[in-house]
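Enquirer: A structural model of the following input is requested.
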Amino acid sequence: MTFQWPTMLWSLLLVPALVALYLWLLHRRRRSTVRLSSIAVARAALGQGPGWRRHVPPVLLLAALTVLLFALARPMAIVSLPLAQRTIMLAMDVSGSMRAADVKPNRLVASQEAAKAFVGQLPRDVKVGIVSFAGTAAVVQAPTTSREDVIAAIDRFQLQRGTATGSGIVLSLATLFPDDDIEIAQITGQRPMPSPLGEKKPKKERTKVEPGTYRAGAIIMLTDGQRTTGPDPLEAAKMAAERGVRVYTVGVGTTAGETIGFEGWSMRVRLDEETLKQVSTMTVAEYFHAATADDLMKVYEALSSKLVVERKETEVTALLAAVAALLVMLGAGLSIAWFGRVV
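Expert: So this is what the prediction gives:
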């Protein structure tokens, strides 16, 4: 915990002074008591007496004052807060290797079901966009708050040849930052539209930020194989890091690999965990491995809690003031209930 006005902590020295004053008043009160002729008469005059209860309201009031003096220093604490605005891009592998059945019923279906469950758990104000990638990448659903549209886009996945993991990251970035003029022609397989005047549009210079500092969006990339085409995923991760975007990577399937057939081809696919870990490390995110459908569900559950809240240093003065107010009300309420007056 840190403080914006640490010098105000010196005011806490008033607390032991007030304790000493309270004890002195009690001692003075005992010395000024009236002497009676016998103990029996004193007991009859005093009755049962308030006992320990008479000290409770003053102690509560003193605790409230202590909290208020502490709040004067304007303490700062790390707390979890819900994000006001968030866009999550799901970059999902639809290469032929996703038909492997080591994750039941197969990798594609398991990833679709887990992604749909993940989308259903997100708050309704969080936008979700879908990028599918194989030999090239495509935006199959622009960021939207419509869960029905997102789920329909996930259900429309079609397997293709190739695995362009870098393309999935770059196109997700281009969707998050449409004004950055990110070159996407090579990752979508489309030629850029020429300018009607034959002029080249100058690229805007973007100021680099610290990795992991972009709070309005994040990318989750799910894949089961190694890159076979497209840009280097580490170069794509560098682009994300320069924009502060976190890229959470999810590896699906067994690390030993699987031999499958696709459109008359026989291929052996192996999960490239090392690259996926590097991508997540470069962007200050995390890597998750899912060897089964249950693992995949748990991964998305963990990501759901990470992506809708953020931990940040926040001033907690108002919270301490509320605690002090509750202590004052409790002390006053007990004093009225027990003694018929506010001590």
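Enquirer: now residue 99, nearest residue through space, not along the chain?
Expert: Excluding its sequence neighbours, the residue lying closest to residue 99 (Cβ to Cβ, 6 or more residues apart in numbering) is residue 106, at 5.4 Å. For every residue, glycine as well, the C-beta is placed using N, CA and C.
Enquirer: correction: residue 7
Expert: residue 73 (7.8 Å).
Enquirer: So that neighbour versus residue 318, what's the distance?
Expert: Separation of residue 73 from residue 318 (Cβ to Cβ, to the nearest Å): 14 Å.
Enquirer: more neighbours, the two?
Expert: residue 73 (21 against 10; other Cβ atoms under 10 Å).
Enquirer: I'd say residue 103 and residue 110 touch.
Expert: Yes. Between residue 103 and residue 110 there is a contact at 4.7 Å, judged by Cβ atoms under 8 Å.
Enquirer: hmm, back to that, could you list every residue that touches the residue nearest to residue 7?
Expert: 3, 4, 5, 6, 7, 8, 9 (Cβ atoms under 8 Å, 6 or more residues apart in numbering).
Enquirer: got TSV for those residues, with pLDDT and distance to residue 139 too?
Expert: Listed next are those as TSV, based on pLDDT from 0 to 100; distance: Cβ to Cβ, whole Å:
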residue	pLDDT	distance to residue 139
3	84	47
4	84	44
5	86	49
6	85	50
7	88	54
8	85	53
9	86	54
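Enquirer: Those residues in helices, which ones?
Expert: Nothing among the contacts of residue 73 maps onto helices, per DSSP state H.
Enquirer: In those, find the pair that's most separated.
Expert: 4 and 9 (11.5 Å; Cβ to Cβ).
Enquirer: Between those two, which has more neighbouring residues?
Expert: residue 9 (14 against 11).
Enquirer: any idea what sits nearest that one, other than its immediate chain neighbours?
Expert: Residue 9 sits nearest to residue 73 (Cβ to Cβ, 6+ apart), 5.0 Å away.
Enquirer: Show me where the stretch 151-300 of the chain has its helices.
Expert: Here the stretch 151-300 of the chain has its helices, by DSSP state H, counting those that start in this stretch, at 165-176, 185-188, 233-242, 273-282, 293-307.
Enquirer: Are there helices or strands packed against the third one, and which ones?
Expert: In this structure, helix 233-242 packs against helix 165-176, strand 246-252, helix 273-282, with contacts taken as 3 or more Cβ pairs under 8 Å, 6 or more residues apart in numbering; DSSP states H and E.
Enquirer: would a markdown table of the ones you listed with mean pLDDT, distance to residue 56 and mean neighbour count be doable?
Expert: Output for the helices and strands packed on helix 233-242, formatted as a markdown table (pLDDT from 0 to 100; distance: least, Cβ to Cβ, whole Å; neighbours: other Cβ atoms under 10 Å):
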| stretch | mean pLDDT | distance to residue 56 | mean neighbour count |
| --- | --- | --- | --- |
| helix 165-176 | 94 | 57 | 27 |
| strand 246-252 | 94 | 50 | 27 |
| helix 273-282 | 94 | 54 | 18 |
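Enquirer: Which element, helix or strand, includes residue 88?
Expert: Element membership for residue 88 (DSSP states H and E) is strand 87-93.
Enquirer: typed the wrong thing, it's residue 15
Expert: Element membership of residue 15, judged by DSSP H and E, is helix 14-31.
Enquirer: which helices and strands does that helix pack with?
Expert: Secondary elements touching helix 14-31 (3+ Cβ pairs under 8 Å, 6+ apart): helix 56-71.
Enquirer: Report the mean per-residue pLDDT for the helix it packs on.
Expert: Helix 56-71 shows a mean pLDDT of 87.
Enquirer: list the buried ones in it?
Expert: For helix 56-71, burial by neighbour count (16 or more other Cβ atoms under 10 Å) applies to 56-58, 60-71.
Enquirer: go on, stretch 315-331?
Expert: 315, 316, 317, 320, 323, 324, 327, 328, 330, 331.
Enquirer: Pick the one among those closest to residue 233.
Expert: Nearest to residue 233 among the buried residues of stretch 315-331, with distances taken as Cβ to Cβ, is residue 315, at 40.0 Å.
Enquirer: tell me which residues form a beta bridge with the closest one?
Expert: Beta-bridge pairing of residue 315 under DSSP bridges involves residue 76.
Enquirer: which residues does it contact?
Expert: Residue 315 makes contact with 4, 74, 75, 76 under the criterion Cβ under 8 Å, 6+ apart.
Enquirer: how close does it sit to residue 66?
Expert: For residue 315 relative to residue 66 (Cβ to Cβ), the value is 19 Å.
Enquirer: model confidence over the longest helix seen in the chain, on average?
Expert: Longest helix in the chain, counting residues (DSSP H): helix 317-339. Mean pLDDT, computed over helix 317-339, is 84.
Enquirer: quick one: contacts of that helix?
Expert: So helix 317-339 is contacted by 50, 53-54, 56-61, 63-65, 67-68, 70-71, 74-75, 341-343 (Cβ under 8 Å, 6+ apart).
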